[in-house]
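Engineer: Sequence below, structure please.
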Amino acid sequence: MDGRPLYILRLGHMDIKGLVQALAEESLLRHVLSINEEGLRCCEENTKVFGRPISCWTCLVDLEGLNMRHLWRPGVKALLRIIEVVEANYPETLGRLLILRAPRVFPVLWTLVSPFIDENTRKKFLIHAGNNYQGPGGLVDYIDKEIIPDFLGGDVKCQGGLVPKSLYRTAEELENDEIRLWTETIYQSASIFKGAPNELLIEIIDASSVITWDFDVCKGDVIFNIYHSKRAPQPPRKDPLATHGITSPAGNNMQLIDKSWLLGQDYSMVESPLTCKEGESVQGSHVTRWPGFYILQCKFHSMPACATTNLPRVDDVLATLQVSSDKCKVMYYTEVLCSEDFRGSMTSLESSHSGFSQLSTVTTSSSKSQSSSMISR
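Structural biologist: Here you go, the predicted structure:
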């Protein structure tokens, strides 16, 4: 409408973790910088077409599909660095930023990101929740009707799709990467054996906090559980074998739930168990409803017993024993977001809480990658 180039970003459909796994933070930054260079070229072309100076562009960000998995810390870290670099190298090139279909969890993401955005830039943001962008004061006041994308009711087709799994770096590559995104920053690793789960204790003081987690199942299958207890588990007992220089299969795993504890009496399950297959990447969050102690548990997932009545072959038995004796390996990270950090947005977050199915996502099976395009008009 004003001759500015238009950049479209479907952030809610962005496979954040897939992009970082496939490209790493530096490659993402270079891609964003190339987009800004393209924007400058479009500004120069439109200056000639419209016969007046055009030095900035409009950015349209669609947040449909945004949920708590987008709060994955390495993704937020990469986003903040991109904002910092872009503002330092391309000042005053953003003319307007239209944020559409902002969901209930948007205030949480905005609270994390907004302090790093320049005050002059924030003044250029226009935020629309739901479908109120469709009427007067909405899109048609800022964008020509003929270039509104199809997913917002227009006719322009925008390309996008899944990040191919073939482009993902393997767990070994991630661990050996020079950047060492996982092992030297925030991720920890754990080996899990049958009968020796890995358990992480989180003490919650404010009942309206949010526990977020992310883990990659590097080897084997695991079952993920979250428990709550009003009393603190006792520190794990020292392995008696270690005093004689012998290491038990549990290794350094932390086991907090005492075998004498009774489920439903000493502790309770607050989320349904989730079976996670080898190679999957799992992200999710839990809005805490009570203070106390929360235990995040990953345990070995045993293979189901054979249902057939025929006698198993020797090779099958040996294969089963080999699998069952193998260890599982996970790389994990967790963080607690306190309600006081949300600046009053906790009510909107709690209203969107509807269980594990919506607040947890296996990204390898359901995430979509970004869809973006630069349109000269």
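Engineer: so what's the residue lying closest to residue 289 once chain neighbours are set aside up against?
Structural biologist: Excluding the flanking residues, the one nearest residue 289 by CB to CB, 6 or more residues apart in numbering is residue 207, at 6.1 Å. Where you see a C-beta, it was placed from the backbone N, CA and C, and this is true even at glycine. By CB atoms under 8 Å, 6 or more residues apart in numbering, residue 207 lies in contact with 288-291.
Engineer: Give me the three-state assignment for residue 207.
Structural biologist: coil (DSSP: H, G, I helix; E, B strand; the rest coil).
Engineer: give me phi/psi at it?
Structural biologist: Residue 207 adopts backbone torsions of phi -60, psi -20, taken as degrees, to the nearest 10.
Engineer: what's the distance between it and residue 338?
Structural biologist: According to CB to CB, to the nearest Å, residue 207 and residue 338 sit 11 Å apart.
Engineer: ditto for residue 291
Structural biologist: Residue 291 is 12 Å from residue 338, by CB to CB.
Engineer: hey, what's in contact with both of those two?
Structural biologist: With CB under 8 Å, 6+ apart as the test, residue 291 and residue 338 both reach residue 206.
Engineer: For the host helix or strand of residue 223, name the packing helices and strands.
Structural biologist: Per DSSP states H and E: residue 223 is located in strand 222-229. In terms of contacts (3 or more CB pairs under 8 Å, 6 or more residues apart in numbering; DSSP states H and E), strand 222-229 is packed against strand 268-269, strand 274-276, strand 292-300.
Engineer: before we move on, back to that, now which of the contacts of residue 207 would you call buried?
Structural biologist: residue 288 (16 or more other CB atoms under 10 Å).
Engineer: Need the max-distance pair from the contacts of residue 207.
Structural biologist: Pairwise distances across those peak at 9.3 Å for 289 and 291 (criterion: CB to CB).
Engineer: From residue 301, how far off is the nearest residue to residue 130 once chain neighbours are set aside?
Structural biologist: Once flanking residues are discounted, residue 130 sits nearest to residue 101: 6.9 Å by CB to CB, 6+ apart. From residue 101 across to residue 301, the span is 38 Å (CB to CB).
Engineer: swap in residue 94?
Structural biologist: 48 Å.
Engineer: go on, residue 265?
Structural biologist: 26 Å.
Engineer: These two - which one has more neighbours?
Structural biologist: Between residue 265 and residue 301, residue 301 has the larger neighbour count (other CB atoms under 10 Å), namely 20 against 7.
Engineer: ok, that one touching residue 225?
Structural biologist: No: with contact defined as CB atoms under 8 Å, residue 301 does not count as touching residue 225 (11.5 Å).
Engineer: Overlap of the contact sets of the two?
Structural biologist: Between them, residue 301 and residue 225 share no contacting residue, judged by CB under 8 Å, 6+ apart.
Engineer: quick check: angle from the strand holding residue 223 to strand 292-300?
Structural biologist: 160 degrees (axes from the mean of the first three to the mean of the last three CA atoms, to 10 degrees).
Engineer: With just CA atoms, put strand 222-229 into CSV.
Structural biologist: What follows is strand 222-229, C-alpha atoms only, in CSV (Å, rounded to 0.1, in the frame of the first residue of the first chain):
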residue,chain,number,x,y,z
VAL,A,222,12.2,-44.2,27.3
ILE,A,223,9.0,-43.5,29.2
PHE,A,224,8.7,-39.9,30.5
ASN,A,225,6.7,-39.2,33.7
ILE,A,226,6.1,-36.2,36.0
TYR,A,227,5.3,-36.7,39.6
HIS,A,228,4.4,-34.3,42.5
SER,A,229,5.1,-34.8,46.2
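Engineer: who does that strand pair up with?
Structural biologist: If you go by DSSP bridges, strand 222-229 pairs up with strand 268-269 (antiparallel), strand 274-276 (antiparallel), strand 292-300 (antiparallel).
Engineer: So which elements touch the helix or strand residue 19 falls within?
Structural biologist: Assigned by DSSP H and E, residue 19 falls within helix 16-50. In this structure, helix 16-50 makes packing contacts with strand 57-62, helix 73-89, strand 281-287, helix 363-366, strand 372-375, judged by 3+ CB pairs under 8 Å, 6+ apart.
Engineer: Strand 281-287 and that helix, what's the angle between them?
Structural biologist: 90 degrees.
Engineer: For helix 16-50, buried residues please.
Structural biologist: 16-25, 28-29, 32, 36, 39, 42-43, 46.
Engineer: do the same with stretch 112-129
Structural biologist: 112, 117, 121, 124-125, 128.
Engineer: From residue 299, how far out is residue 275?
Structural biologist: Per CB to CB, residue 275 is found 11 Å from residue 299.
Engineer: Looking at those two, which has the bigger crowd around it?
Structural biologist: residue 299 (21 against 10).
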